[in-house]
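Q: This is the structure alone, sequence omitted:
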Ligand code: 1BO
């Protein structure tokens, strides 16, 4: 039976949970609490990033959640990302990863992604990730926000095919070309902003389907993504929503209704690399790095 512990096999054989908690735009304290709550309710995948500024809080949440639920490290799948201003050669990236591991309080990462394809550095950075993967510091490597041109170049000039491309994906942004290109190369698409920053929740088609299936709009969208075989990370810091977002396994959207959602695609991204520079972890999209209390022993 499908559930929060259902996994997908990545192209290197590693099993990754198909639905997880994301902590973008969340403070350290809120990340810690959300992660503990999510693990308590069965989530097994946690997605953070250096850029979010909340790896310390997320790490405490992971360790506290594991302790409370009697889980082992291998029961949780942790994703984090290499931030734009810290991309570079192996020596540089290796030090950054060590810092991220120390902030998270973990000794390996399950999935390490290049957060954005900084044109001057993404190839060199990916080669560094390949080496870190071979050294066993990360169990899988991948990218985020790579369009087909950048992905083609990466594939031509590297040895290991990325396991994941994490993209903005939701009913109004379905990344058809990227999805098709990535799938044809064995790269799994993963959704960030799966609810379209809340916009898709008020879409009349989604609202009508929510009524028809007696589900929330968020559940309809997350179930649609599930049936599309998209790996998804969804953010919430509220226990009720964390539970609601994962309660999508006891109903199925019909083929016809799946098509109705597929037709909502406007191919419009909310955020794209070319629109901004993004080098400050405490800047426009980051949180202040706070002192976060360690887990209660
Ligand atoms: C702009 C950040 C996207 C999610 O990682």
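A: Cool, the structure landed. Note that this is a predicted model, so its numbers are computed, not measured.

Q: number of nearby residues for whichever residue of the stretch 151-297 of the chain sits closest to the ligand?
A: Closest to the ligand within the stretch 151-297 of the chain is residue 192: 4.3 Å, counting by Cβ to the nearest ligand atom. Every C-beta, even on glycine, is put in place using the N, C-alpha and C of the backbone. Close neighbours of residue 192, defined as other Cβ atoms under 10 Å, add up to 20.

Q: Contacts only, for the closest residue to residue 188 other than its chain neighbours.
A: Nearest residue to residue 188, sequence neighbours excluded (Cβ to Cβ, 6 or more residues apart in numbering): residue 164, at 5.2 Å. Neighbouring residues of residue 164 by Cβ atoms under 8 Å, 6 or more residues apart in numbering: 10, 16, 111, 113, 140, 142-144, 187-190, 231.

Q: Give me the distance between the two termini of stretch 168-180.
A: From its first residue to its last, stretch 168-180 covers 15 Å (Cα to Cα, to the nearest Å).

Q: For that stretch, which outside residues touch it?
A: Under the criterion Cβ under 8 Å, 6+ apart, residues 145-148, 151, 165, 167, 189-196, 199-200, 203, 205-206, 221, 224-225, 230, 232, 261-262, 264-271 lie in contact with stretch 168-180.

Q: in that stretch, what counts as buried?
A: Across stretch 168-180, burial judged by 16 or more other Cβ atoms under 10 Å covers 168-175, 178-179.

Q: Okay, and which of these map to strands?
A: Mapping the buried residues of stretch 168-180 onto strands (DSSP state E) picks out residue 168.

Q: Of the buried residues of stretch 168-180, which are in range of the ligand?
A: Here nothing survives when these are matched to the ligand using Cβ under 6 Å from any ligand atom.

Q: now, the most widely separated pair of the buried residues of stretch 168-180?
A: Pairwise distances across these (Cβ to Cβ) peak at 15.8 Å, for the pair 171 and 178.

Q: Quickly note the distance from the residue nearest to residue 127 when sequence neighbours are not counted to residue 45.
A: Leaving out its chain neighbours, the residue that sits closest to residue 127 by Cβ to Cβ, 6+ apart is residue 158, at 6.5 Å. Between residue 158 and residue 45 the computed distance is 25 Å (Cβ to Cβ, to the nearest Å).

Q: quick one on the thing from earlier: can you list the buried residues of stretch 168-180 in JSON lines and add pLDDT?
A: JSON lines is the format used below for the buried residues of stretch 168-180 (pLDDT from 0 to 100):
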{"residue": "168", "pLDDT": "95"}
{"residue": "169", "pLDDT": "97"}
{"residue": "170", "pLDDT": "97"}
{"residue": "171", "pLDDT": "97"}
{"residue": "172", "pLDDT": "95"}
{"residue": "173", "pLDDT": "95"}
{"residue": "174", "pLDDT": "97"}
{"residue": "175", "pLDDT": "96"}
{"residue": "178", "pLDDT": "98"}
{"residue": "179", "pLDDT": "98"}
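
Q: number of nearby residues for the closest residue to residue 92 other than its chain neighbours?
A: Closest residue in space to residue 92, ignoring its immediate chain neighbours: residue 86 at 6.9 Å, by Cβ to Cβ, 6+ apart. Other residues lying near residue 86 total 21 when counted by other Cβ under 10 Å.

Q: what do you get for residue 210?
A: Residue 210 has 18 neighbours, counted by other Cβ under 10 Å.

Q: From what I see, it and residue 217 are in contact.
A: Yes - Residue 210 lies in contact with residue 217 (Cβ atoms under 8 Å); the separation is 4.7 Å.
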